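In: Pasting the sequence and the predicted model now:
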Amino acid sequence: MKAILARPSGGFGLCEVEPPSIGPGELLVEMRACGLCGTDLAKLATPQKSRGVSLGHEVAGVVCEVGPGVTRFAPGDRVVAAHHVPCDTCWACRHGNESMCPQFKATNIDPCGFAELIRIPRLHTERVTIPLHEGMSYDVASFTEPLACAVRAVQRSQVLPGDRIAVVGGGSMGLLIAQTVAARGAEPVVLDISEARLALASALRIRTTINPSRADAQEVVAKMTKGTGLDGAILTVVSEPILAQVQQALRPGGRLNIFAGPTDGPRLPVDLADLFYRELAIFSTYSSTPGALGEAFELLAGNRVSVLPLISHRLSLAAFEEGVELQRSGAATKVIFHP
């Protein structure tokens, strides 16, 4: 079978390998759609660290074989599966940081999501594999995991109905987050310097968009909130100027969620005096949880979040490098790979 795997010489490429075999409690799934994620691009950016790294985790497909003891699924079932499973008992899990759980980080599908056939281990089969609703396409289902990351970001931001939440960055993840904010009864405010992305946000019924390169975002926010400030912000793009401007735009008690690594170095200055005197909160969100996966799937099943307009390219695994370059350059909003 074909799969995108780490090469012995470094980096990743299309390889021909033996299909994985499955054991008790496991599934063998034929991949029908797998999305390219920003974390995949980050891994691809450091080919010298490719050993032991797998790509692709936004997977939907059809079960072609079940292992002994599997009763929830049968061959022919259409499913979506996530790649990590927390233990639910360690300190991180008990404190709501499931994505920091040692088991979460150690578990994965085999050999990767960008493969014609994928082994779904027992823990994944039991806890993070979901049967597809009739009529839900594989392309839509493949958004379950990234949407779950958006759901968890909104959960951790404590978004309430009526809140105004800035979403910085109008890429695929930013627009998933914005729609999740709206699904909570809050008002997303999408900021991006790309008019094309803002137009897509508007097409997705995001009412308020701001292009900071064409308008004074501080003035727009002040007018919109009658000087109060935004209730929160979720940053899918992080830099020193963005961090400073968004912090200033928050109301007292506002919450700032860092959803991506900074683009201009790992250390950025923060106005700690402002943080203290206005009781602001700065925190981060990394990955999803089984609970967020379930909520994300129901949002998709109920058509409360629209994902098909986000797909700009559908490519085969043979065109993997082309898809990577399209998304890395910003020419693609979301690339979905098919076998």
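Out: Noted; the coordinates are in hand.

In: So the spatially closest residue to residue 186 that is not a sequence neighbour versus residue 181, what's the distance?
Out: Closest residue to residue 186 apart from its sequence neighbours, by C-beta to C-beta, 6 or more residues apart in numbering: residue 163 at 4.1 Å. In short, each C-beta sits where N, CA and C put it, glycine included. As for residue 163, its distance to residue 181 is 8 Å (criterion: C-beta to C-beta, to the nearest Å).

In: With neighbour numbers in mind, choose between the two.
Out: residue 181 (27 against 20; other C-beta atoms under 10 Å).

In: Now name the helix or strand holding the more buried one.
Out: helix 172-183 (DSSP states H and E).

In: per-residue pLDDT, residue 193?
Out: We have a pLDDT of 96 for residue 193.

In: Sorry, slip of the keys, the one I care about is residue 48.
Out: 84.

In: Surely it is in contact with residue 12?
Out: No. Using C-beta atoms under 8 Å, residue 48 is not in contact with residue 12; the gap is 11.8 Å.

In: Residue 201 should be in a strand, yeah?
Out: No. Counting by DSSP: H, G, I helix; E, B strand; the rest coil, residue 201 is not found in a strand; it is helix.

In: count of residues packed around it?
Out: 25.

In: if I look at it, how far off is residue 128?
Out: For residue 201, the distance to residue 128 - C-beta to C-beta - is 30 Å.

In: if I look at residue 323, how far off is residue 17?
Out: For residue 323 relative to residue 17 (C-beta to C-beta), the value is 20 Å.

In: could you say which helix or strand contains the residue most central in space within the chain?
Out: Closest to where the C-alpha atoms of the chain average out (C-alpha atoms, centre = their mean) is residue 146, at 2.9 Å. Using DSSP H and E, residue 146 maps to helix 144-156.

In: can you map out the strands along the stretch 201-339 of the chain?
Out: Applying DSSP state E, counting those that start in this stretch to the stretch 201-339 of the chain gives strands spanning 208-210, 230-235, 250-258, 281-284, 313-316, 335-338.

In: Could you export these as CSV, including mean neighbour count, mean pLDDT and distance to residue 23?
Out: Putting these into CSV (neighbours: other C-beta atoms under 10 Å; pLDDT from 0 to 100; distance: least, C-beta to C-beta, whole Å) gives the following:
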stretch, mean neighbour count, mean pLDDT, distance to residue 23
strand 208-210, 20, 97, 50
strand 230-235, 25, 98, 40
strand 250-258, 20, 98, 39
strand 281-284, 14, 97, 36
strand 313-316, 16, 98, 30
strand 335-338, 22, 98, 27
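
In: Which of those strands sits closest to residue 94?
Out: Closest approach to residue 94 among those is made by strand 281-284 (17.7 Å; C-beta to C-beta).

In: check contacts around residue 336.
Out: If you count contacts by C-beta atoms under 8 Å, 6 or more residues apart in numbering, residue 336 has them with 33, 34, 35, 36, 139, 142, 311, 313, 314, 315.

In: Can you tell me which of the residues you listed are classed as buried?
Out: Using 16 or more other C-beta atoms under 10 Å as the burial test, these include 33, 34, 35, 36, 139, 142, 311, 313, 315 as buried.

In: just checking, which of those residues belong to helices?
Out: residue 139 (DSSP state H).

In: Among the buried ones among the contacts of residue 336, pick out the one closest to residue 56, please.
Out: Distances from residue 56 to those, taken by C-beta to C-beta, are shortest for residue 34, at 4.9 Å.

In: returning to that earlier point: now the residue nearest to residue 186: how far from residue 237?
Out: In terms of C-beta to C-beta, residue 163 sits 21 Å off from residue 237.

In: Identify the residues contacting residue 123.
Out: Residue 123 neighbours (C-beta under 8 Å, 6+ apart): 85, 107.

In: and the gap between it and residue 86?
Out: From residue 123 to residue 86 the distance is 10 Å (C-beta to C-beta).

In: what does residue 7 give?
Out: For residue 7, the distance to residue 86 - C-beta to C-beta - is 31 Å.

In: ok, the two, which is more surrounded?
Out: residue 86 (25 against 13).

In: on that earlier part again, can you convert the strands of the stretch 201-339 of the chain into TSV and add a column each for distance to residue 59?
Out: Converted to TSV, the strands of the stretch 201-339 of the chain look like this (distance: least, C-beta to C-beta, whole Å):
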stretch	distance to residue 59
strand 208-210	31
strand 230-235	25
strand 250-258	26
strand 281-284	25
strand 313-316	15
strand 335-338	10
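
In: Relative to residue 65, which of the ones you listed is closest?
Out: strand 335-338 (20.3 Å).

In: what's across from the closest residue to residue 337 other than its chain neighbours in the sheet?
Out: Ranked by C-beta to C-beta, 6+ apart and with sequence neighbours excluded, the top spatial neighbour of residue 337 is residue 34, at 5.1 Å. Bridge pairing for residue 34 (DSSP bridges) gives the partners residue 59, residue 337.

In: show me the contacts for residue 34.
Out: Residue 34 sits in contact with 56, 57, 58, 59, 60, 113, 114, 142, 336, 337, where contact means C-beta under 8 Å, 6+ apart.

In: with these in mind, which one is nearest to residue 227?
Out: For the contacts of residue 34, the nearest to residue 227 is residue 58 (41.0 Å; C-beta to C-beta).
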